[in-house]
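S.K.: Sequence first, predicted coordinates after that:
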Protein chains: 2
Amino acid sequence: MRHIPKQQRSQKMVETILEAALDAVARYGMDNTTTRHIAERAGISVGTLYHYFSDKADVYEALQRTLTDDLVTRIRALIPLLVQKEIGSVIHDILCLFLNELETDGGKQLAFMRNIMQRGFGQEIGRIEQVMMELSLVYTVQHPELTQVKDLTKVTTLLFNSVTFNIIRHLDDPSPYVTREQLVEGLSDMCVAYINSQMPQ
Amino acid sequence: MRHIPKQQRSQKMVETILEAALDAVARYGMDNTTTRHIAERAGISVGTLYHYFSDKADVYEALQRTLTDDLVTRIRALIPLLVQKEIGSVIHDILCLFLNELETDGGKQLAFMRNIMQRGFGQEIGRIEQVMMELSLVYTVQHPELTQVKDLTKVTTLLFNSVTFNIIRHLDDPSPYVTREQLVEGLSDMCVAYINSQMPQ
DNA sequence: ATGATTGTTCGAATTCAATTCGGGTTTTCA
DNA sequence: TGAAAACCCGAATTGAATTCGAACAATCAT
């Protein structure tokens, strides 16, 4: 973003543009969405768009950032609750949270996510990973037996990537052989199995 | 590809263009690589490039296809050997095969792969998944106890995605906390653990 | 061997989206 | 109330992708 809005009218403008972009990408796909599309949909001119964003990629990045912010906030808020549950449920709950979130606003977010995922999962994924590490840490404090897991950081990283990519592919093109429920259940099982296997004895 | 070459001189041309593209992308990245770049590097004009490929994306796709072909062929050739090993070693061997393959030709392939991965993992990944399913099938014949695994297809799918994405992320930006060796070992362990956990008793 | 036919190559010209820019409009505030 | 600062506009510029028609080269039938 090349411009930090000063007046209140433009506070909303950024928001409007992002909504328009979400809308446009959901409808036309990222490739076919032009700056004109976005501007039109937002009811402004391209010039104005460039007043708030340095380029088209910047718009998409801001949008991703916004959505990630939201997700991260929600997960973080859940940490105190999650910490009380067993690991399988933790995975399960987070996945449900995420998948439900995607379906609000009539699937626009989902469509956008699909496009993002197909292209690149930028650095935003790193921020999600970060909360998960945070959760892992707090969780370990509540469940000291986890201290015995050999190389917990590695295990957590591998599992985070595993879960993430399975979700991505499921969104990208859902395998007819694995329903969403099976997916969520399977991933939970996998996490539990791997972690247990890394416990001594 | 919009044109099937007839004369022998042009047999090589496609190959030349693909090499040029690999080179260009490895050097400049996908975003900064233009059709001119590729044409120049291949010592031809843009017109000629479009004689063999319908558009730029087509060039990249053909390149991916070629590389995937190679990988799939190698894996398939290994199946008879892999079938004799224990599961952990199977994962280990395949990962080593893949990672080594990427480093031949001075890392050009690796650089290209990085770019592909950052953007989208097209349908090519599906073809790799297919060989893995094939392997899974043949392997099960040799190790009938696997028949007892509940929903083996689901398990295989989840594990394939898990392993794949961990490798992708490792290539994309290698975590300083997990070395390549740890990664390979960890993924093997994870697969074994999950599969075992799905065995009755 | 030679003209016809088909295949190949070229690069200037076209097209289209991204981005810039200079001039008007609105808001803020002294 | 009149600048100054913020905003907004859309025509003009830029640059990469793609097209096109005119050569050039190989092949083939006579």
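M.R.: Arrived safely.

S.K.: which stretches of chain A have low pLDDT?
M.R.: A:1-7, A:9, A:118-122 (pLDDT under 70).

S.K.: So which residues on chain A come close to chain B?
M.R.: A:118-120, A:151, A:153-155, A:157-159, A:161-162, A:164-166, A:168-169, A:175, A:177-178, A:182-183, A:186-187, A:189-190, A:192-194, A:196-198 (Cβ under 8 Å from any Cβ of the partner chain). Heads up, the C-betas are built off the backbone N, CA and C, glycines and all.

S.K.: so who does the residue positioned nearest the centre of chain A touch?
M.R.: Nearest to the geometric centre of chain A sits A:T68, at 5.2 Å (Cα atoms, centre = their mean). Applying Cβ atoms under 8 Å, 6 or more residues apart in numbering or on different chains to A:T68 gives the contacts A:124, A:127-128.

S.K.: Okay, it and A:E61: tell me how far apart.
M.R.: 10 Å (Cβ to Cβ, to the nearest Å).

S.K.: likewise A:R114?
M.R.: Using Cβ to Cβ, A:R114 is found at 17 Å from A:E61.

S.K.: Mind checking which of these two has more residues around it?
M.R.: Higher neighbour count among A:R114 and A:E61: A:R114, with 20 against 17, using other Cβ atoms under 10 Å in any protein chain shown.

S.K.: Please tell me I have it right and the more buried one contacts A:D172.
M.R.: Yes: the pair A:R114 and A:D172 qualifies as a contact (Cβ atoms under 8 Å) at a distance of 6.2 Å.

S.K.: Once you drop chain neighbours, what's closest to A:M133?
M.R.: Distance criterion Cβ to Cβ, 6 or more residues apart in numbering or on different chains; nearest residue to A:M133, sequence neighbours excluded, is A:T156 at 6.4 Å.

S.K.: following the helix or strand that contains that neighbour, which helix or strand comes up?
M.R.: Secondary structure from DSSP states H and E places A:T156 in helix A:152-172. Per DSSP H and E, the first helix or strand lying C-terminal to helix A:152-172 is helix A:180-197.

S.K.: Show me what counts as buried in that next one.
M.R.: Residues A:183-195, A:197 are the ones in helix A:180-197 that count as buried (16 or more other Cβ atoms under 10 Å in any protein chain shown).

S.K.: so how far is the host helix or strand of A:R127 off the chain centroid?
M.R.: Assigned by DSSP H and E, A:R127 falls within helix A:124-142. Put simply, helix A:124-142 sits 14 Å off its chain's centre (Cα atoms, centre = their mean, to the nearest Å).

S.K.: If you count contacts, what does it end up packed against?
M.R.: helix A:56-82, helix A:87-103, helix A:152-172 (3 or more Cβ pairs under 8 Å, 6 or more residues apart in numbering or on different chains; DSSP states H and E).

S.K.: can you tell which of these is closest to DNA strand C?
M.R.: helix A:56-82 (3.8 Å; Cβ to the nearest atom of the strand).

S.K.: quick one: which of the buried residues of helix A:180-197 is nearest to DNA strand D?
M.R.: The closest of the buried residues of helix A:180-197, once distances to DNA strand D are taken by Cβ to the nearest atom of the strand, is A:L183, at 35.7 Å.

S.K.: mind listing what the closest one touches?
M.R.: Counted by Cβ under 8 Å, 6+ apart, A:L183 has contacts A:95, A:166-167, A:170, B:158.

S.K.: 10 Å instead?
M.R.: A:L183 is in contact with A:95, A:99, A:163, A:166-167, A:169-170, A:174-175, B:154, B:157-158, B:161, counting by Cβ atoms under 10 Å, 6 or more residues apart in numbering or on different chains.

S.K.: and chain A, which residues reach DNA strand C?
M.R.: By Cβ under 7 Å from any atom of the strand, the residues of chain A that approach DNA strand C are A:7-9, A:33-36, A:46-47, A:50, A:54-57.

S.K.: Counting neighbours, what do you get for the residue lying closest to A:G186 once chain neighbours are set aside?
M.R.: In space, and not counting its chain neighbours, A:G186 is closest to B:L158: 5.1 Å by Cβ to Cβ, 6+ apart. Applying other Cβ under 10 Å, we find 26 other residues in the vicinity of B:L158.

S.K.: name the element the residue of chain A found nearest DNA strand D belongs to?
M.R.: Relative to DNA strand D, the nearest point of chain A is A:G47 (1.8 Å; Cβ to the nearest atom of the strand). Secondary structure assigned from DSSP H and E places A:G47 in helix A:46-52.
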